[in-house]
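Q: One predicted model, sequence on top.
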Amino acid sequence: MDAHKISANQAKEQWWWSKFKEKDKDKDSHPWVGKVLSSAHNQSVSVSQNTTTLRMADAAQQQQQQRRRRRRIVVLISGSGTNLQALIDAQNTPALPDVEIVLVISNRKAAYGLTRAANADPPIPTGYLALQPYLKADPKRTRDTYDVEIARMVLEARPDIVVLAGWMHVFSEGFLDTVGQQRQLTVINLHPALPGAFDGAHAIERSYEAFQKGEVEKVGAMVHRVVKEVDRGEPVIVREVEIKKDESLEAYEERLHRTEWEIIVEGTRKVLDEIPPT
Ligand SMILES: Nc1nc2c(c(=O)[nH]1)N[C@@H](CN(C=O)c1ccc(C(=O)N[C@@H](CCC(=O)O)C(=O)O)cc1)CN2
Ligand SMILES: NCC(=O)N[C@@H]1O[C@H](COP(=O)([O-])[O-])[C@@H](O)[C@H]1O
């Protein structure tokens, strides 16, 4: 700013002083009047400074409140983790705002999804617990106690949502009852078939074969809430996928996976947005 130019505040200040001096001319210039006015001025300056400070603090607090607490996501995987990668890439974009993937758990040591989590920026903490080694370690252990142990690992991360992204293990009540103890904690699952058809494992191959044999007209994928009955939970997102007569399984699978990468983000966002802000 050029030296001869003054700021709006300085101009306001000089106007104020000129008014103050005009007033002073009309009145007896009792020394105390000057003192009262100048201290009034000083007070008004300090009040306005305090007001400004208060206003700034209030604005900062409002900004803080507007900046929602990041919603915490735990992801369970068993394989390559391309759907986990879709979630990692979508974090804090308009597709999936105000989130943090806080833990990735695999039941298979060789799952490449664990590498994806470690390579994320910042790296995502991972956990690993496979059923068979767990059972072999202690004869008193059961599939149900395994499920409770997985649930404990999940709850320790204080999630707002649990996403099964290619988690190839059927949960018993042990898991569902344990995570169900945390209010409003939803578990969702990505399933490569439409509701009510091809529940369970190998759904991609089974639905592809059924279409090619003319047994079904439509195929697709869904994200659903997880209940005890496998793949029978309420659908959250359902998306049909184009399939062509006599095309290869690989061609169909590639198209299906692209759809999965979209709906796993949409489904996660949809369920998180159902949670009232704290
Ligand atoms: N109680 C529930 N558990 C799980 C659900 C669910 O809806 N309710 N969804 C599945 C995911 N899933 C299909 O989407 C699925 C995964 C695995 C299996 C399965 O038969 N697994 C075998 C082991 C297979 C293997 O290790 O290759 C098993 O668990 O014995 C069925 C369906 C996740 N869990
Ligand atoms: N019944 C569950 C099931 O079949 N899930 C399937 O596992 C794959 C995981 O891929 P990813 O490891 O690359 O994300 C996905 O195709 C998903 O639909």
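A: Structure received. Ligands and ions are numbered 1, 2, ... in the order given.
Q: Ligand 1 contacts on the protein?
A: Residues of the chain lying near ligand 1 by Cβ under 6 Å from any ligand atom: 164, 167-171, 189, 191, 200-201, 226, 228, 230-231, 233. Where C-beta positions appear, they are placed from N, C-alpha and C, glycine not excepted.
Q: is stretch 74-84 anywhere near ligand 2?
A: Yes. Judged by Cβ under 6 Å from any ligand atom, stretch 74-84 comes into contact with ligand 2 at Ile77, Gly79, Ser80, Gly81, Thr82, Asn83, Leu84.
Q: Repeat that for stretch 155-174.
A: Yes. Contact between stretch 155-174 and ligand 2 is present through Ala165, Gly166 (criterion: Cβ under 6 Å from any ligand atom).
Q: now, which of the residues of the chain next to ligand 1 sits nearest Asn92?
A: Sorting those by distance to Asn92 puts Leu164 at the head of the list, at 22.0 Å, by Cβ to Cβ.
Q: Is that closest one bridged to anything, and to what?
A: Beta-bridge partners recorded for Leu164 (DSSP bridges): Leu76, Asn189.
Q: distance of it from Ala137?
A: If you measure Leu164 against Ala137 using Cβ to Cβ, to the nearest Å, the figure is 24 Å.
Q: So between these two, which is more surrounded?
A: Neighbours of Leu164 and Ala137, each counted by other Cβ atoms under 10 Å, are more numerous for Leu164; the result is 23 against 9.
Q: before we move on, back to that, just the buried residues out of the residues of the chain next to ligand 1, in ChimeraX syntax.
A: Typed into ChimeraX, the line below selects the buried ones among those, using 16 or more other Cβ atoms under 10 Å:
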select :164,167,169,171,189,191,226,231,233
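Q: from the residues of the chain next to ligand 1, which is closest to Ala117?
A: Of all the residues of the chain next to ligand 1, the one with the least separation from Ala117 (Cβ to Cβ) is Trp167, at 14.0 Å.
Q: Which residue comes closest to the closest one once chain neighbours are left out?
A: Take Trp167 and drop its neighbours on the chain: the residue closest to it by Cβ to Cβ, 6 or more residues apart in numbering is Leu76, 4.0 Å away.
Q: host element of Val104?
A: For Val104, the enclosing helix or strand under DSSP states H and E is strand 99-106.
Q: quick one: buried residues of that strand?
A: For strand 99-106, burial by neighbour count (16+ other Cβ under 10 Å) applies to Val99, Glu100, Ile101, Val102, Leu103, Val104, Ile105, Ser106.
Q: Max pairwise distance over the residues you listed: which two?
A: Farthest-apart pair in the buried residues of strand 99-106 is Val99 and Ser106; separation 20.2 Å (Cβ to Cβ).
Q: beta partners of the closest residue in space to Tyr128 that isn't next to it in sequence?
A: What sits nearest to Tyr128 in space, not counting adjacent residues and going by Cβ to Cβ, 6+ apart, is Ser106, at 5.3 Å. Note on Ser106: beta-bridge partners Ile77, Tyr128, judged by DSSP bridges.
Q: could you pull out the helices for the stretch 1-150 of the chain?
A: 8-26, 31-66, 82-90, 112-119, 131-136, 143-156 (DSSP state H, counting those that start in this stretch).
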